[in-house]
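[1] coords please:
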Amino acid sequence: MFHRSPIQAPLLPRDEAWDWPRVVLGALILAGCLLRLLDPFYHNPAFHLFSDPLRHWDNARMPLAPGPMALLDPPFFQVWLSIVQKWTLGHPALIAVYAATMSLLTPWLWYRFLREMLSSRRLALLGWALFAWLPSWFDIFGYFMTETLFLPLLGASLWATARARRKQSTVSFCVMAVLWIFTALTRGIAAPIAVVAGFLVWYRHPLKWRAAAGSTLIAVVILGPLAYRNQTTFGFWSPFGCGWLNEIYAASGKREINLKFRWGDGSWAYGFRSPSLSYKQFEPLTDWTPVREGAVEVNVDLKQGARDWQAAAERTRASAEDLVRFRLENLALVMAGETWPDSNQQHWTARLASSLRWIWAPLFVALLVVGAVTWRATLARPLVPAIIATWFCVQAVSLLAINEGRYRKPLEGLLIVQTLIVMDTLRRRPDRLAPAWRCI
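    From the prediction side, this is the model:
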């Protein structure tokens, strides 16, 4: 006598099955997105117009004004903000809609990057949940700061980089190039990162010269007019603005910088002090602050190109011993300093971000140790470690600017990504490891 076996449902792969961890992660993502949607209506950028947010807003409102300050920064955020002004007409409710959209878009773009980098969808969802709830990525969208455009653009550029390596087509490589160019035109730190990321993809690209030709043509079309504009204004070819101001200020050892510009019969005067020097960064652990006194004076004739900038840099540069100290101070400021202007302790997200700022330096060191111990796995998936190393060399220990805590925000995202990559590597059996370059 034969017994009929009950019909069994097909077994789903463990990582594809519906399970409670994924439900919990989905709930966390949904709650984080809802909070991001509502937060800009309570902390509206239209009501936080002071210092740098006000400067960005005014530069965008008067893009054809003759003052040179609008040309010192990379130009894309000013152009972007001008478009936002025209779309919203400066209405606070519409500005809140814009800020909420950018706040929601940022974690999702970084999640798309994780989907390209990780074999586990569950780990990618974990990353999305972490990004959605990352405290230091909340309140910044309540201000008109470059990070509000830089963070989503960086996520999109990283996604396009991983996608270009997977698809290995000329079109995907050119899309990656376009995104990296606009990211670098938002914050200059993206330029060296783009070179490293682009080289890692191009080196293994099957159509090297076609990809190089296409991306070069795109760069010339986008950057050429900007370089010409700055050459006619500042006297030197620099599509990313003028970095002399920040470099002179950082290497002078002074607390303030005073600028006087001349252009024909016109003259302008500006004064600045970095927010990193305005309050005690590391309370309650210590009341230490960088030791800087006085003001550095810089007079520039804009018709003379880089001549006056170079002379001021040589004249005001501190001693070699002091420069070492400034680099260490810069490292401390960016790795554990308070963010600004999104450090209002009346907001619970700002208080949480302030408390969590101490974890990033230990996490960086821990990942450095893990990378050194598992160096073969690190070399097999080099994209994120190479980007972190580039950021550290250019932003953390250089003297291109006096660092602020907000400059750490992209590093926080990259450290989360690398932590998830390490977890993904550890969970996979050696015989299931994908070829090295398919992970990029």
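[2] okay, CA-based contacts and neighbour counts for the rest of this
    Fine.
[3] buried sites along the lowest-mean-pLDDT helix or strand in the chain?
    Across the helices and strands of the chain, mean confidence by mean pLDDT, DSSP states H and E is lowest for strand 266-272: a mean of 87. Under the neighbour-count criterion of 16 or more other C-alpha atoms under 10 Å, strand 266-272 has nothing buried.
[4] mind listing what it pairs with, with the direction of each?
    Its sheet considered, strand 266-272 pairs with strand 256-263 (antiparallel) by DSSP bridges.
[5] Going by neighbour count, which residues of the strand it pairs with are buried?
    Buried positions in strand 256-263, judged by neighbour count with 16+ other C-alpha under 10 Å: 256-258, 261-263.
[6] What of stretch 388-395?
    Going by neighbour count (16+ other C-alpha under 10 Å), the buried part of stretch 388-395 is 388, 390-392, 395.
[7] Can you classify Thr232 by secondary structure?
    helix (DSSP: H, G, I helix; E, B strand; the rest coil).
[8] any idea how far it lies from Leu94?
    Distance, Thr232 to Leu94, using C-alpha to C-alpha, to the nearest Å: 37 Å.
[9] do Arg163 as well
    In terms of C-alpha to C-alpha, Arg163 sits 33 Å off from Leu94.
[10] Tell me which of these two has more neighbours.
    Arg163 (24 against 17; other C-alpha atoms under 10 Å).
[11] Report the mean confidence score over the helix or strand containing the more buried one.
    Counting by DSSP states H and E, the element that carries Arg163 is helix 147-167. Taken as a whole, helix 147-167 has an average pLDDT of 97.
[12] where does Asp342 land in three-state SS?
    Classification of Asp342 using three-state DSSP returns coil.
[13] Over to Ser119?
    Strictly by three-state DSSP, Ser119 counts as coil.
[14] mind listing what it touches?
    Each residue near Ser119 by C-alpha atoms under 8 Å, 6 or more residues apart in numbering is listed here: Asp424.
[15] any idea how far it lies from Thr425?
    From Ser119 to Thr425 the distance is 9 Å (C-alpha to C-alpha).
[16] hmm, back to that, the inter-axis angle of the helix or strand following the helix holding Arg163 versus helix 147-167?
    Sequence order places helix 170-184 as the next helix or strand after helix 147-167, per DSSP H and E. Helix 170-184 and helix 147-167 are oriented at 160 degrees to each other (axes from the mean of the first three to the mean of the last three C-alpha atoms, to 10 degrees).
[17] Go through the next helix or strand after helix 170-184 and flag the buried ones.
    Next helix or strand after helix 170-184 toward the C-terminus (DSSP H and E): helix 190-203. Using 16+ other C-alpha under 10 Å as the test for burial, helix 190-203 gives 190-191, 193-194, 196-198, 200-202.
[18] try stretch 64-75
    Within stretch 64-75, the residues that count as buried by 16+ other C-alpha under 10 Å are 67-75.
[19] cool, stretch 334-346 as well?
    334-343.
[20] swap in stretch 324-332?
    326-327, 329-332.
[21] Report the distance from it to the chain centre.
    21 Å (C-alpha atoms, centre = their mean, to the nearest Å).
[22] Equivalent analysis for stretch 271-286, please.
    Distance, centroid of stretch 271-286 to centroid of chain: 21 Å (C-alpha atoms, centre = their mean).
[23] distance between the ends of it?
    29 Å.
[24] Name the residues that touch that stretch?
    Applying C-alpha under 8 Å, 6+ apart, the contact partners of stretch 271-286 are 255-259, 287-290, 333, 336-338, 340, 402-405.
[25] Among the residues you listed, which ones are in helices?
    In helices, judged by DSSP state H, the following of the contacts of stretch 271-286 are found: 333, 336.
[26] if we can go back for a sec, quickly name whichever of the buried residues of stretch 334-346 is closest to Phe50.
    Pro341 (9.6 Å; C-alpha to C-alpha).
[27] Wait, that closest one touches Ile140, no?
    Yes - under the criterion of C-alpha atoms under 8 Å, Pro341 makes contact with Ile140 at 7.5 Å.
[28] What's the first helix or strand after the least confident helix or strand of the chain?
    As assigned by DSSP H and E, the chain's next helix or strand after strand 266-272 is strand 295-301.
[29] And Thr216, how far from Cys174?
    Per C-alpha to C-alpha, Thr216 is found 9 Å from Cys174.
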